[in-house]
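Trainee: fold the following and give me the result.
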Amino acid sequence: MAFALSSQEVSKRNLPVYVDSMMADSRYRLDPLKCGISLEDWKKAGRDALLEAAGNFPPETPLEYKITATERRDGYAVHKIEYNVSSWTNVVAYLLVPEGDGPFPGMLMLHDHGAHFSIGKEKMVRPFGVSEETVEDADKWVATYYDSVYLAGSYAKAGFVVLVADALLWGERQAQGGTKYETQQALNGALLQLGYSLGGLMLHDDMRALDLLASMPMVDKERIGCLGFSMGAYRAWMLGAASDKVKAVAAVCWMSTCHALFSNGRKSKGGSDYSMLLPGLGKVMDYPHVAALVCPRPLLLYNGKKDKLFPIEGVTEAYNVLSEVYNKAGASECLKMEFWDEKHFFNRQQQDAVMEFFHTHFNL
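Mentor: Numbers count the residues shown, from 1 in each chain. Below you'll find the model as predicted:
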């Protein structure tokens with residue numbers, strides 16, 4: 001038997017020199033177009049596999065929340081709340097409630113990564129009761145990636161109850177002394193040794209936030225949406241795949257196939273991928289397969305033609321997979337996918353189109 005030896009086992013792409021052989025040998029066990037089982041059986045198996053890959057979750061505990069501060073704004077109130085995401089810890093979040101009588105449609109908003117940890121929920125809600133430095137930080141971030149629009153406020157004005165929480169490592173859940181880039185790698189390494197993962201805990205926390213939103217009496221449980229940009233987009237379709245409590249998903253600037261993301265090598269250094277990795281999932285499903293678990297519920301995906309993080313070829317491959325699954329389910333009218341002449345950015349025109357998407361499918 002002959003073996004190929006190399007003095008440089010890791011290439012300049014930050015990948016093993018044999019990664020192409022690994023990818024060529026990859027067979028997704030639950031590829032919805034090739035696994036040979038019914039769509040319903042595939043959806044059950046896929047969700048089970050997703051939750052298994054997420055790993056251990058913290059102990060369950062009844063959800064409770066309390067309002068710690070309130071600010072009245074034009075047509076809605078912003079409450080700062082604290083709730084028990086698990087029996088181990090509490091989370092601080094913003095809850096936006098429109099004026100008037102409910103029940104209202106609900107919207108769970110999931111913030112981005114951006115390697116910017118000083119703010120989390122504040123990327124989607126203009127903060128109050130904080131330092132001027134934090135407000136300026138949020139304003140600058142929203143101008144850079146959201147066209148100077150705080151999305152949560154837009155949806156509250158439109159009559160949605162909106163919940164936005166900090167993910168682990170962001171905002172008021174930062175590491176002691178402030179999250180550093182390398183903190184991600186150190187934390188995930190420790191979590192893996194304990195049988196958990198950063199990506200798995202983030203999914204758990206998002207599921208708990210969804211449970212909280214769905215439990216509120218002023219929220220219409222049949223009209224709960226989920227919206228995110230960048231890592232928030234990944235979190236949005238991941239959450240839609242994990243729970244039927246999400247009735248419609250909009251994800252902006254996060255979709256591709258795994259193979260396409262490897263095509264130009266691993267450019268992430270310091271562990272930013274850890275929040276979006278579930279151990280073992282890559283042998284079972286690709287990213288579009290997971291997103292397809294949202295089917296037949298409404299799903300919107302937008303990507304930018306100039307987005308260097310997600311090569312067009314990989315996004316196109318992923319779109320094709322999703323299109324086939326929705327067509328197979330007879331739900332093609334519930335799938336909206338589009339390339340925009342844009343970079344990694346969520347502009348106002350896109351925001352208006354996403355709002356229209358939710359209005360259409362929630363009959364508002």
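Trainee: which residue ranges of the stretch 1-150 of the chain form helices?
Mentor: 19-24, 39-54, 132-145 (DSSP state H, counting those that start in this stretch).
Trainee: from those, which stretch is densest packed?
Mentor: Ranked by mean neighbour count under mean count of other C-beta atoms under 10 Å, those are led by helix 39-54, which reaches a mean of 17. C-beta coordinates here come from the backbone N, C-alpha and C atoms, glycine included.
Trainee: now do that one: distance to the chain's middle.
Mentor: 18 Å (C-alpha atoms, centre = their mean, to the nearest Å).
Trainee: show residues contacting that helix.
Mentor: For helix 39-54, the surrounding residues in contact (C-beta atoms under 8 Å, 6 or more residues apart in numbering) are 29-30, 32, 35, 37, 197, 199-200, 203-204, 238, 241-242, 278-281, 284-285, 289-290, 292-293, 295, 325, 328-329.
Trainee: ok, stretch 67-79 next?
Mentor: 80-82, 92, 94-99, 125, 128-129, 153, 156-157.
Trainee: and if we set it to 6 Å?
Mentor: For stretch 67-79, contacts defined as C-beta atoms under 6 Å, 6 or more residues apart in numbering pick out 80-82, 94-99, 128-129, 156-157.
Trainee: next one: stretch 351-364
Mentor: Counting contacts by C-beta under 6 Å, 6+ apart, the residues outside stretch 351-364 that touch it are 105, 223, 225, 248, 250, 298, 300.
Trainee: tell me how many other residues surround the fourth one.
Mentor: Burial measure for Ala248: 23 neighbouring residues, criterion other C-beta atoms under 10 Å.
Trainee: in this structure it contacts Pro298, no?
Mentor: Yes. Using C-beta atoms under 6 Å, Ala248 is in contact with Pro298, at 4.0 Å.
Trainee: Serialize the contacts of stretch 67-79 to a markdown table and add fields for pLDDT and neighbour count.
Mentor: Output for these, formatted as a markdown table (pLDDT from 0 to 100; neighbours: other C-beta atoms under 10 Å):
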| residue | pLDDT | neighbour count |
| --- | --- | --- |
| Lys80 | 98 | 21 |
| Ile81 | 98 | 19 |
| Glu82 | 97 | 15 |
| Tyr94 | 99 | 26 |
| Leu95 | 99 | 24 |
| Leu96 | 99 | 24 |
| Val97 | 99 | 20 |
| Pro98 | 98 | 20 |
| Glu99 | 97 | 13 |
| Phe128 | 97 | 15 |
| Gly129 | 96 | 11 |
| Ala156 | 99 | 27 |
| Lys157 | 98 | 15 |
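Trainee: what's the pLDDT at Ser86?
Mentor: On pLDDT, Ser86 comes in at 92.
Trainee: tell me the contacts of it?
Mentor: Per C-beta under 6 Å, 6+ apart, neighbours of Ser86: Pro58.
Trainee: that one and Gln184, how far apart?
Mentor: Note on Ser86: its distance to Gln184, by C-beta to C-beta, to the nearest Å, is 20 Å.
Trainee: can you lay out the helices of the stretch 1-150 of the chain as JSON lines showing mean pLDDT?
Mentor: Putting the helices of the stretch 1-150 of the chain into JSON lines (pLDDT from 0 to 100) gives the following:
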{"stretch": "helix 19-24", "mean pLDDT": "68"}
{"stretch": "helix 39-54", "mean pLDDT": "96"}
{"stretch": "helix 132-145", "mean pLDDT": "98"}
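Trainee: could I get these as CSV with distance to Ile67?
Mentor: Formatted as CSV, those follow (distance: least, C-beta to C-beta, whole Å):
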stretch, distance to Ile67
helix 19-24, 50
helix 39-54, 30
helix 132-145, 20
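Trainee: of these, which is nearest Tyr234?
Mentor: Distance to Tyr234, taken as C-beta to C-beta, is lowest for helix 39-54 among those, at 13.0 Å.
Trainee: between the one helix or strand Val321 maps to and helix 39-54, how big is the angle?
Mentor: In the assignment (DSSP states H and E), Val321 maps to helix 312-328. Counting by axes from the mean of the first three to the mean of the last three C-alpha atoms, to 10 degrees, helix 312-328 lies at 140 degrees to helix 39-54.
Trainee: next, the residues that contact the helix or strand following helix 312-328 from outside, please.
Mentor: Next helix or strand after helix 312-328 toward the C-terminus (DSSP H and E): strand 335-340. Here strand 335-340 makes contact (C-beta under 6 Å, 6+ apart) with 299-305, 319, 326.
Trainee: if we use 7 Å, what do you get?
Mentor: For strand 335-340, contacts defined as C-beta atoms under 7 Å, 6 or more residues apart in numbering pick out 299-305, 319, 322-323, 326, 350, 357.
Trainee: going by distance to Ala143, which of these wins?
Mentor: For these, the nearest to Ala143 is Gln350 (15.6 Å; C-beta to C-beta).
Trainee: now the longest strand belonging to the chain: buried residues?
Mentor: Secondary structure of the chain per DSSP state E: the longest strand is strand 219-229. Buried residues in strand 219-229, counting neighbours by 16 or more other C-beta atoms under 10 Å, are found at 219-220, 223-229.
Trainee: farthest pair in those?
Mentor: Farthest pair in those, by C-beta to C-beta: Asp220 and Phe229, 24.3 Å.
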